[in-house]
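J.: The sequence and its predicted three-dimensional model are supplied below.
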Amino acid sequence: MAYIQSYGAAEVVTGSCHVLHIEKGPVVMVDCGMFQGEHEKENYKKFGFHPRDIDVLLVTHAHLDHVGRIPKLVKEGFRGRIISQRSTFDLMEVVLLDAAHLMEEEYRTLFRKAQRRGEERKVAKPLYTTEDVEAVFDLTSTFAEYGEKIPLAHDVYAIFRNAGHILDSATVQIHYREKNEHRSVVFSGDLGNHNDIVMPDPVQVRKADTLYIESTYGDRNHKPIKESVEEFREVIFNTLMSRGNVIIPSFAIERTQEILCLLKRMYKRKELPPCKIFLDSPMAIRATNLYNKYHSELSRECNLFLKEDGTIFEFPWLHYTLKPEESKKINEEEGCIIIAGSGMCTGGRIMHHFKNRIWNPKNSVIFVGYQANGTPGRRIVDGARTIKIYHEEIRINARIYTINGFSAHADQHELIAWMEGFEQLGKIFLIHGEREKQEIFQKVIRHKMPEHKVHIVKEGEKVWV
């Protein structure tokens, strides 16, 4: 009998990694992501399986918490086939090379400091290197098209459908035959918000004997998008008119493109005071170029911008800062908007901008994405008075705003509606969520869909399907 084991995103949001064992069939992995926030140390532990036993890896989308451990998987023996959308493959390369570069850079810094203390042997080596990332792209890969059947083995195939989360994100439906009976397992991946500005709505799946569904926002509903857009506009307008600066920690993929679309809309409608807007993230700039390349997968508004202007995201006030020296020059600017990574403030250029500006009450910080437990972003959102940046304690005097309506994740109402859209649905299993929020979501599902069994998946637990 087939079974699934999860080695990440079980009672936590990050670290997506689920393995389907089909009797007399292939071993299929769905995602192999990195743990983030308070669970980061989990990345350095051995997998609960041997990577060489995995026959196929299906990738739902290119966020780090869904792809970040793939180089480790390959490094430790995986030689199977990788299947994803073509744009996911391209984005994955950007994300993994950036992650490897940051880990190598951090290692070199810590090693130099440890050498002066004679403690260099205590410094942990990077989880993987750029060479390990390159090895991922040497493996056999297959590019999926939405809706087509991708053969995995005899009587086993997968279907990718648009999840509406980020560029070419997907739900994955795996069909197999067991004792002359057709069975199907669906992994939702990360489902998108129906109010997304850049992405289309998630496509409905109709049949699943077993559903593994994300539950990141299973405990709540988002603020209506119109309210969120208006709040965003007001914060920017008021801050700029008082000659303050707006700092937006943003994820390089999806959230940055959404913010750029909003700012371009405001510019075209003359709702934006004259200012310079800096996209200060090499990774986000590369991702934005890929969004332009695969524009046919984006929303109607994005393609209307392309038709009118020849570009989706660019407009005269927007400046891309690739080089470090260009980033440093932003410190000389006043009355500007700065979009920089990382989205959870765990490192990157956003920390330099915080050091220079978060102490000033004229400035505003707008959080537009999920902040995992244990991250600096979460501590700021939760009301921290100071933040430690490069060994210096900095007071937080800037105004802090959290606008959750921009989330690229479906909320509780949308998750329920998506499940209710199934014509045939068996057992429901909750992944990708903090335990206390999953318990709330579980109760709601039992109330709204009492005919279905709902279970919160534990790490390593065998779930028979």
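T.: Everything's here; your move. Numbers count the residues shown, from 1 in each chain.
J.: okay, CA-based contacts and neighbour counts for the rest of this
T.: Fine.
J.: and the gap between the residue nearest in space to the middle of the chain and Lys113?
T.: Centroid-nearest residue in the chain, with Cα atoms, centre = their mean: His63, separated by 3.8 Å. Here His63 is placed at a distance of 32 Å from Lys113 (Cα to Cα, to the nearest Å).
J.: which parts of the lengthiest helix in the chain are buried?
T.: Of all segments of type helix in the chain, defined using DSSP state H, the longest is helix 86-117. Buried residues in helix 86-117, counted by 16 or more other Cα atoms under 10 Å: 86-89, 91-100, 102-104, 107, 110-111.
J.: likewise stretch 29-41?
T.: Buried-residue list, stretch 29-41, by 16+ other Cα under 10 Å: Met29, Val30, Asp31, Cys32, Gly33, Met34, Phe35, Gln36, Gly37, His39.
J.: Now do the same contact list for Ile416.
T.: Neighbouring residues of Ile416 by Cα atoms under 8 Å, 6 or more residues apart in numbering: Ile445.
J.: Now it: which helix or strand?
T.: Here Ile416 sits within helix 412-420, counting by DSSP states H and E.
J.: State the next helix or strand along the chain beyond that helix.
T.: strand 424-431.
J.: Beta-bridge partners for Ala144, please?
T.: Legend: beta-bridge partners of Ala144 under DSSP bridges are Gln85.
J.: Surely it touches Thr88?
T.: No. Ala144 is beyond contact range of Thr88, at 9.9 Å (criterion: Cα atoms under 8 Å).
J.: quick one: buried residues of the helix holding Ile416?
T.: Gln412, Glu414, Leu415, Ile416, Trp418, Met419.
J.: Show me what the lowest-mean-pLDDT helix or strand in the chain is in contact with.
T.: The least trusted helix or strand in the chain, going by mean pLDDT, DSSP states H and E, turns out to be helix 300-309, with a mean of 90. For helix 300-309, contacts defined as Cα under 8 Å, 6+ apart pick out Ile197, Val198, Cys261, His295, Ser296, Thr311, Ile312, Phe313.
J.: Quick check, pLDDT for Ile380.
T.: We have a pLDDT of 97 for Ile380.
J.: So it versus Asn360, what's the distance?
T.: Counting by Cα to Cα, the gap from Ile380 to Asn360 is 15 Å.
J.: Looking at these two now, which is surrounded by more residues?
T.: Ile380 (19 against 16; other Cα atoms under 10 Å).
J.: Please enumerate the helices of the chain.
T.: Using DSSP H, helices in the chain cover 64-67, 70-75, 86-117, 130-136, 225-241, 255-268, 282-293, 300-309, 324-329, 349-357, 376-381, 412-420, 435-448.
J.: winner for burial among the ones you listed?
T.: Of all the helices of the chain, helix 64-67 carries the top mean neighbour count, a mean of 24, counting by mean count of other Cα atoms under 10 Å.
J.: other SSEs contacting that helix?
T.: With contacts taken as 3 or more Cα pairs under 8 Å, 6 or more residues apart in numbering; DSSP states H and E, helix 64-67 sits against strand 27-32, helix 86-117.
J.: rank these by pLDDT, which is bottom?
T.: Note on those: helix 86-117 shows the lowest mean pLDDT, a mean of 93.
J.: got the angle between that one and helix 282-293?
T.: 170 degrees (axes from the mean of the first three to the mean of the last three Cα atoms, to 10 degrees).
J.: Pop the domain breakdown of the protein in here.
T.: The chain breaks down into these domains under automatic domain parsing: 3-220+408-464, 225-406.
J.: Can you measure across the last one, start residue to end residue?
T.: The one in question is domain 225-406. Domain 225-406 has an end-to-end distance of 7 Å (criterion: Cα to Cα).
J.: Much appreciated, bye for now.
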